[in-house]
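Asker: The following comprises the amino acid sequence and a computationally predicted model.
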Protein chains: 2
Amino acid sequence: MKLKVYADRMSQPSRAVIIFCKVNGIDYEEIKVHISKGQHLTPEFAEINPMKQLPAIADGRFKLFESHAILIYLACAFPGVADHWYPADVFKRSKIHSVLDWHHSNLRRGAAPYVFNTTIAPILGRPLNPQAAAEAEIILSSSLSKLESFWLKGNGRFLLGGNQPSIADLSLVCELMQLEVLDEKDRTRLLGPHKKVQQWIENTRNATNPHFDEVHRVIMLAKERQQHQRLKAAKNEGGSNMKKPLVSRM
Amino acid sequence: MKLKVYADRMSQPSRAVIIFCKVNGIDYEEIKVHISKGQHLTPEFAEINPMKQLPAIADGRFKLFESHAILIYLACAFPGVADHWYPADVFKRSKIHSVLDWHHSNLRRGAAPYVFNTTIAPILGRPLNPQAAAEAEIILSSSLSKLESFWLKGNGRFLLGGNQPSIADLSLVCELMQLEVLDEKDRTRLLGPHKKVQQWIENTRNATNPHFDEVHRVIMLAKERQQHQRLKAAKNEGGSNMKKPLVSRM
């Protein structure tokens, strides 16, 4: 039975899992679960993931959720996945676990609430929350600095000095790709000081294309809609309300 | 060269790593880094863990931080660790990864800020924050419900229906043990409805004793001090200030 991947490409960990499958030639069926329509909250989806979050997989009768756990499972259970994604060497593998754990409490805790509270919330019928955005920005900025100065130190093209990507590169870069939907000034303010981070995003994109761009198409369309709506709002209001997001069909 | 474990037993992930070493007969040297004295913020400790958090290990020249990553490393790199701690079976192992990932975004995000903002903050010279405590309580209560109804479902004595503990049991139970320092009424309100969770804490304690109790002695002493100070405050103020924590030597 074919692997089932329950995903919404607007969700950054969903994108990481889909790209991983595509890059590694894993035969899978993508089952779209639209968060904006509340499809992750249905009793049917709770049978797959009782935590009602995306992504989740079903491989025959085996069900699994949490994207890092899924990426590790796929790397171990499917033949033909190159070692660099999740090295067998205990020292290299442990460092990848360390990055992935750090991701939970740092980059994810900064990026996701920042984007939600500055941009995405109205699309899901929720108000923007400038205070929550300000708190998230502190965590996000600190995380970007640590990526730049520690996780990307040395001359390697990827995290931990690697010359080929691991599941950690894919997971963290997909997290950062959600910043594309921000107001360009905000995105530049956040990412601008971090040249290594920018280059690493590009390296991970190149290493996983054409799949990376294809899976991120939905984000780029959302970015275009946000830009269009900001321009429209600025035009209507004489440029005084450049940052007001509007509800889109995203 | 002997394994070095940098830890503060007041830190719940530090306790998990120390207990794991003791239970599995891993020869290690415990290097105390006192958070209350700011010793984790020194340039010397940043050489061990640039994120300035505990625990961290040094195994010869190999350095590692993030407690889940450390527990997995120890289970894989040291001979003689029984399989149940971190099973070789890819399905069982993946489920353990899933619990550990869930821990980051749920139980840890509830328990640690709740205890900090109701009890611990003044000990570290910080103010209590009732609003942050209330937000953390929502996450903590939801996490306890999910532990009770999902992760501990079935008749197993441990997470995922196991009859022997894994690194996930040890990590999550150590997280919950910090609730011991709370006002007893708060602790009962939080844990009281969750009988399976209470039994599981006891099962994990029994499976890892006498080490569990020895490593948690510092928490039990802190609990006693908190109780003593609450009684003293209640006596001095006619019972009107039962919940005010006082700065202790913890």
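Answerer: Right, received. Where do you want to start?
Asker: Now do the buried residues in the least confident helix or strand in chain A by mean pLDDT.
Answerer: Every helix and strand of chain A was ranked by mean pLDDT, DSSP states H and E. The lowest is helix A:217-236, at a mean of 91. Neighbour counts over helix A:217-236 (16 or more other C-beta atoms under 10 Å in any protein chain shown) mark A:219, A:222-223, A:225-226, A:230, A:233 as buried. In this view, the C-beta of every residue, glycine as well, is placed from N, C-alpha and C.
Asker: How about stretch A:46-60?
Answerer: A:48-59.
Asker: So what touches that stretch?
Answerer: For stretch A:46-60, the surrounding residues in contact (C-beta atoms under 8 Å, 6 or more residues apart in numbering or on different chains) are A:1, A:3-8, A:11, A:13-14, A:17-18, A:33, A:35, A:40-41, A:45, A:63-65, A:67, A:70, A:73-74, A:77, B:102, B:146, B:150.
Asker: now do the same end-to-end measure for it.
Answerer: One end of stretch A:46-60 to the other measures 17 Å (C-alpha to C-alpha, to the nearest Å).
Asker: from memory A:A168 sits against A:H104, does it?
Answerer: No. Judged on C-beta atoms under 8 Å, A:A168 makes no contact with A:H104 at a distance of 11.8 Å.
Asker: of these two, who's got more company?
Answerer: The neighbour comparison of A:A168 against A:H104 (other C-beta atoms under 10 Å in any protein chain shown) goes to A:A168, with 26 against 21.
Asker: residues in contact with that one?
Answerer: Applying C-beta under 8 Å, 6+ apart, the residues near A:A168 are A:96, A:99-100, A:103, A:159-160.
Asker: repeat that for 7 Å
Answerer: A:96, A:99-100, A:159 (C-beta atoms under 7 Å, 6 or more residues apart in numbering or on different chains).
Asker: for A:E137, same thing?
Answerer: Contacts of A:E137 (C-beta under 7 Å, 6+ apart): A:Y114.
Asker: Quick check, pLDDT for it.
Answerer: pLDDT for A:E137: 97.
Asker: which SS class is it?
Answerer: Here A:E137 takes the helix state, with states given by DSSP: H, G, I helix; E, B strand; the rest coil.
Asker: From chain B, how far out is A:K223?
Answerer: 26 Å (C-beta to the nearest C-beta, to the nearest Å).
Asker: What is the three-state secondary structure of the nearest residue in space to that residue that is not next to it in sequence?
Answerer: Spatial nearest neighbour of A:K223, chain neighbours left out: A:E180 (4.7 Å); criterion: C-beta to C-beta, 6 or more residues apart in numbering or on different chains. Here A:E180 is recorded as helix under three-state DSSP.
Asker: name the helices or strands packed onto the strand or helix carrying A:Y6?
Answerer: Taking DSSP states H and E as the definition, A:Y6 sits inside strand A:3-7. Strand A:3-7 is packed against helix A:12-23, strand A:28-32, strand A:56-59, with contacts defined by 3 or more C-beta pairs under 7 Å, 6 or more residues apart in numbering or on different chains; DSSP states H and E.
Asker: Identify each buried residue in stretch A:188-198, please.
Answerer: Buried residues in stretch A:188-198, counted by 16+ other C-beta under 10 Å: A:190-191, A:194, A:196-197.
Asker: Out of these, which is nearest to chain B?
Answerer: A:K196 (15.4 Å; C-beta to the nearest C-beta).
Asker: Surely the closest one is in contact with A:L152?
Answerer: Yes. Using C-beta atoms under 7 Å, A:K196 is in contact with A:L152, at 4.5 Å.
Asker: Domain map for chain A?
Answerer: Split into domains by automatic domain parsing, chain A comes to A:3-81, A:85-224.
Asker: In CSV, list these along with distance to B:R205.
Answerer: Formatted as CSV, those follow (distance: least, C-beta to C-beta, whole Å):
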stretch, distance to B:R205
domain A:3-81, 27
domain A:85-224, 25
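Asker: what about those domains, which gets the closest to B:A88?
Answerer: Each of the domains of chain A has some distance to B:A88 by C-beta to C-beta; the shortest is domain A:3-81, at 10.5 Å.
Asker: Count the residues that sit near A:R61.
Answerer: The tally of other residues near A:R61 (other C-beta under 10 Å) stands at 7.
Asker: now do the one 10 residues further on
Answerer: As a burial measure, A:L71 scores 27 neighbours (other C-beta under 10 Å).
Asker: can you tell me if the helix or strand hosting it touches chain B.
Answerer: Using DSSP H and E, A:L71 falls within helix A:67-77. Yes. Applying C-beta under 7 Å from any C-beta of the partner chain, one finds helix A:67-77 in contact with chain B at A:68-69, A:72-73, A:76-77.
Asker: ok, now stretch A:80-100?
Answerer: Yes. For stretch A:80-100, a contact with chain B is found by C-beta under 7 Å from any C-beta, at A:90-91, A:94, A:97-98.
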